[in-house]
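S.K.: Give me a model of this one.
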Amino acid sequence: MRKILHIPPALRHRRFRLMWLGLMISVAGSQMQIAALHWHIRILTGEPEPLALGGIGLARFLPVMIFSLVGGALADAVSRRKMLFITQSLMALIALAFALLTFTSRISLWQIYLLTAVQAFAMAFDLPARQALVPNLVPAHDLPNAFSMQSIAMQAGSILGPALSGIVIAYLGQGYVYLINALSFGAVLLALILIGRVPQQRQANQAGRAIVSIPVIQEGVRFILSQPIILSSMILDFFATFFSSANTLMPIIAKDILHVGEVAYGWLSSAQSIGAVTAALIISQLPTIRRQGPVLLISVVAFGLSTILLGLAGSFGIAMLALIAIGASDTVSTIIRNTIRQLHTPDYLRGRMTSINQIFFMGGPQLGEVEAGAVAQIFSTPVAIITGGIGCLLAVAWVARRWPQLRQYNGDEPIKAGAMAS
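M.R.: Next comes the predicted model:
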């Protein structure tokens, strides 16, 4: 009898499997906290205040913009595994601070913004190390599958986290969400201990140079500018998510438009991840993805159309459907973009490449949250979401015309020597 499903190739590698399991648990806790923070701000303000919700996007983006390039240079110069141990520990302490302030009823908006900014500072160093570590854990031919499985871990945690967040808030209280998140970081820390030392490629002429310096950072920037496929995928991601991001408006959608409570809000916050993990599971069963450029562009078009549907939604069911479609299309785009970048980047540059990409893929949605909050404050939440979806579609048209290489990219083009060395 022919097997319908098979064990994904990336999970056959012990070190990746450990990181994958730890990441799934940790992401669930982090997503619990993100959903809880948005709800917390809505409750603290008393009335619908889109700008107050959008402000958290700014608090997340500014530290990333300032420190991301430094984080990427460090990820190429020092042990990525050790970097992750430090950043994950710091984020656990921040979550614990959220819990203590909430339990003692001392938390206020400025404290939420400040702690969120400190957490984003840690993320500026965490993500380049984490993304650049993946190609060191699996061989080149399993890398697309590894990113598909990583997406499944992220999205499975993103389904469980917000759904649990609504239940915990409703029955235990806000502070317990933050406490659970603090404990969840232990899963990644344990995985890092069990993985042991992970070899990584260092640049041959790095001796005598500062670990982090302007020339080191500039080298990463020059590499991105010389790679039109990588550059165009980053720019596409930035503008698509800038226009179509409205996650921080979810409490207003739930409470003030759909008139549902904490538990339903948790499911709305999980809906994108339900679509995302479904798409990632399907992709994990495919031997390869052909015509990756056109598939990428089509997925972002679907992302924009689904966002418009969300803005028009007047019922819980339609909103869930739109959010599931948003998550599915975004995951297809994310898997292809990650594969393109990692396959075409030499190992000694992966940290810097990821740090530059982090500015794009975090800058887009976080600045987009500010933009959505401002438009919603002036007009309305549905108008902010619908116009964002239209902006996403216009961005796809511009990128497709500006970089025809992306339209023609298949995925089996020759990779430059050294790109997959590890």
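S.K.: so for whichever helix or strand I235 is part of, what's the average pLDDT?
M.R.: Element membership for I235 (DSSP states H and E) is helix 228-244. The pLDDT scores in helix 228-244 average 87.
S.K.: Check which helices and strands the helix or strand following it sits against.
M.R.: Using DSSP H and E, the helix or strand that follows helix 228-244 towards the C-terminus is helix 250-252. In terms of contacts (3 or more CB pairs under 8 Å, 6 or more residues apart in numbering; DSSP states H and E), helix 250-252 is packed against helix 14-45, helix 50-77, helix 262-284. Heads up, the C-betas are built off the backbone N, CA and C, glycines and all.
S.K.: So for L194, which of the ones you listed sits nearest?
M.R.: Closest to L194 of the helices and strands packed on helix 250-252, according to CB to CB: helix 14-45, at 5.3 Å.
S.K.: quick one: the closest one to helix 262-284, angle?
M.R.: For helix 14-45 against helix 262-284, the angle by axes from the mean of the first three to the mean of the last three CA atoms, to 10 degrees is 150 degrees.
S.K.: which helices and strands does helix 14-45 pack with?
M.R.: Helix 14-45 packs on helix 50-77, helix 80-103, helix 109-133, helix 143-171, helix 174-195, helix 250-252, helix 262-284, going by 3+ CB pairs under 8 Å, 6+ apart.
S.K.: For D330, find the nearest of the ones you listed.
M.R.: Using CB to CB, the nearest of those to D330 is helix 262-284, at 6.5 Å.
S.K.: Can you mark which positions in the closest one are buried?
M.R.: Residues 262, 264-281, 283-284 are the ones in helix 262-284 that count as buried (16 or more other CB atoms under 10 Å).
S.K.: CA-only coordinates of that helix, as CSV, when you get a sec.
M.R.: Extracted in CSV, the C-alpha atoms of helix 262-284 (Å, rounded to 0.1, in the frame of the first residue of the first chain):
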residue,chain,number,x,y,z
GLU,A,262,-11.9,37.0,24.6
VAL,A,263,-12.3,33.3,23.5
ALA,A,264,-13.5,34.2,20.0
TYR,A,265,-10.8,36.9,19.8
GLY,A,266,-8.2,34.2,20.5
TRP,A,267,-9.6,32.1,17.6
LEU,A,268,-9.5,35.1,15.3
SER,A,269,-5.9,35.7,16.3
SER,A,270,-5.2,32.0,15.5
ALA,A,271,-7.0,32.0,12.1
GLN,A,272,-4.1,33.1,10.0
SER,A,273,-1.9,30.4,11.5
ILE,A,274,-4.6,27.8,10.8
GLY,A,275,-4.3,28.6,7.1
ALA,A,276,-0.5,28.9,7.3
VAL,A,277,0.1,25.5,8.8
THR,A,278,-2.3,23.9,6.3
ALA,A,279,-0.3,25.4,3.4
ALA,A,280,3.0,24.5,5.0
LEU,A,281,1.9,20.9,5.5
ILE,A,282,0.9,20.6,1.9
ILE,A,283,4.2,22.1,0.7
SER,A,284,6.2,19.8,3.0
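S.K.: For that helix, name the packing helices and strands.
M.R.: Judged by 3+ CB pairs under 8 Å, 6+ apart, helix 262-284 is in contact with helix 14-45, helix 143-171, helix 250-252, helix 316-343.
S.K.: which is the next helix or strand following it?
M.R.: Defined by DSSP H and E, the subsequent element after helix 262-284 is helix 292-312.
S.K.: Now do that following helix: distance to the chain's middle.
M.R.: On the basis of CA atoms, centre = their mean, to the nearest Å, helix 292-312 is displaced by 17 Å from the centre of the chain it belongs to.
S.K.: What of stretch 89-109?
M.R.: Computed by CA atoms, centre = their mean, the chain-centroid distance of stretch 89-109 equals 22 Å.
S.K.: Give the rounded mean pLDDT of it.
M.R.: On average, stretch 89-109 scores 94.
S.K.: And for it, what's in contact with it?
M.R.: Under the criterion CB atoms under 8 Å, 6 or more residues apart in numbering, residues 29-30, 33, 37, 40-41, 44-45, 52, 111-112, 115, 118-119, 122-123, 126, 173-176, 178-179, 181-183, 185-186, 189 lie in contact with stretch 89-109.
S.K.: I'd like to know which of the helices and strands packed on helix 262-284 is closest to G196.
M.R.: Proximity to G196, assessed across the helices and strands packed on helix 262-284 by CB to CB, is greatest for helix 14-45 (7.8 Å).
S.K.: So for that closest one, what gets flagged as buried?
M.R.: 15-42.
S.K.: chain center to it: distance?
M.R.: 11 Å.
S.K.: again, but for stretch 258-273
M.R.: Worked out by CA atoms, centre = their mean, stretch 258-273 lies 19 Å from the chain centre.
S.K.: For the stretch 51-200 of the chain, give me the ranges with low pLDDT.
M.R.: In the predicted model, the stretch 51-200 of the chain carries pLDDT under 70 at residues 200.
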